[in-house]
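Peer 1: Sequence and computational prediction follow.
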Amino acid sequence: MSLRKLTSLSIFTVTVAVLLVGSIAEAQQLVPYRDPTSRYQINYPANWQRQPMNGIVVALSPQESATDTFRENMNVVMERLPSPMTVQQYSMASIRTLQQQMPGFVLVEQGPAVVAGMQAHYMVYTHQMGRNLMVLAYNFVIG
């Protein structure tokens, strides 16, 4: 993943949701997606379907069978911050919000990370959405 500097303070979050009992396919060919304004580029598996949705980029895994009711997914979300904060401060605020809004939210692991040379904060958490889901999220504060 490569990112370019934004002109204003923004949060950039990448999340990947998977079933607790499922697994992600082994490494495969990746294709790049570049934000139309060239703020970032991210690579996703070539056999996943990309769907832009109201400023959010979503990539969905293929259905594994006709009875597969959950498609693993990757989401890229950007938002402007109301005031300056560090990526750790944003992540702690995000955790508090997730605890209030996600049924069965459990923070499994979290900490600092470096992705494509940029400081980030990662979180692994579980929650209920008709089934047990596990989410990996990377937060970046840019600008």
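Peer 2: Received the coordinates, thanks.
Peer 1: can you give me the strands in the protein?
Peer 2: For the chain, the strands defined by DSSP state E occupy 2-3, 10-19, 30-34, 40-45, 49-53, 56-60, 73-80, 106-115, 118-128, 132-142.
Peer 1: Against which helices or strands is the fourth one packed?
Peer 2: Counting contacts by 3 or more C-beta pairs under 8 Å, 6 or more residues apart in numbering; DSSP states H and E, strand 40-45 packs against strand 2-3, strand 30-34, strand 56-60, strand 73-80. Bear in mind the C-beta positions are built from the backbone N, C-alpha and C, glycine included.
Peer 1: how about the residue nearest to residue 76 when sequence neighbours are not counted, what does it touch?
Peer 2: With sequence-adjacent residues excluded and distances taken as C-beta to C-beta, 6 or more residues apart in numbering, residue 76 is closest to residue 57, at 4.2 Å. Residues counted as contacts of residue 57 (C-beta atoms under 8 Å, 6 or more residues apart in numbering) are 33, 35, 42, 50-51, 75-76.
Peer 1: Looking at these, which one is closest to residue 106?
Peer 2: Closest approach between the contacts of residue 57 and residue 106, by C-beta to C-beta: residue 75, at 19.9 Å.
Peer 1: which residues does the closest one bridge with?
Peer 2: On the basis of DSSP bridges, residue 75 is bridged to residue 15, residue 58.
Peer 1: With residue 40 instead?
Peer 2: residue 3.
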